[in-house]
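[1] Sequence plus predicted model, see below.
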Amino acid sequence: MYCRNCGNNVEENAFACTKCGCRPIDGKNFCNNCGKETQDKQVICINCGVSLISRPSRKKIAAGLLGILLGCFGVHKFYLGYTTQGVIMLLISILSIFVLAAIPAIIGLIEGILYLTMDDIEFETTYITGHKPWF
Ligand SMILES: [Zn+2]
Ligand SMILES: [Zn+2]
């Protein structure tokens, strides 16, 4: 396989690239599979068609579980960098002394399930690079 950072040909499942010292799966400059140059926002390699997003998306699973378990505090929103939405959910719960906590809890539950059932690529493009605020 190839180092995603510098394009060096490295051993399969190598922990670090021997040329640049980075984790070979971490970069955004070259395709892991064919070594062709890639752009920052590219999600698949246009040369060989392989997915450029490391699987499984741990962010997706973590955000999904946080949404389901701690949705009423908006924790999954903070986790994904949606501070405004997180604060809104948190305030609904706290200002209503948890009377209305079911509302953000249900939103969190729905969003959590949505994240977990979503394809990794779709999740990354919608919430990580796309910054879609709700659902
Ligand atoms: Zn490298
Ligand atoms: Zn490729």
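    Happy to help now that I have it. Numbers count the residues shown, from 1 in each chain. Ligands and ions are numbered 1, 2, ... in the order given.
[2] buried stuff in the longest helix seen in the chain?
    Using DSSP state H, we find that the single longest helix of the chain is helix 102-117. For helix 102-117, burial by neighbour count (16 or more other CB atoms under 10 Å) applies to 104-105, 107-109, 111-112, 115. Every C-beta, even on glycine, is put in place using the N, C-alpha and C of the backbone.
[3] same thing with stretch 83-90?
    For stretch 83-90, a neighbour-count test (16+ other CB under 10 Å) marks 85-86, 88-90 as buried.
[4] Name the surrounding residues that touch it.
    71-75, 77-78, 104, 107-108, 133-134 (CB atoms under 8 Å, 6 or more residues apart in numbering).
[5] if we take those, which one ends up nearest to ligand 1?
    Nearest to ligand 1 among the contacts of stretch 83-90, counting by CB to the ion, is residue 78 at 32.7 Å.
[6] Cool, thanks, talk later.
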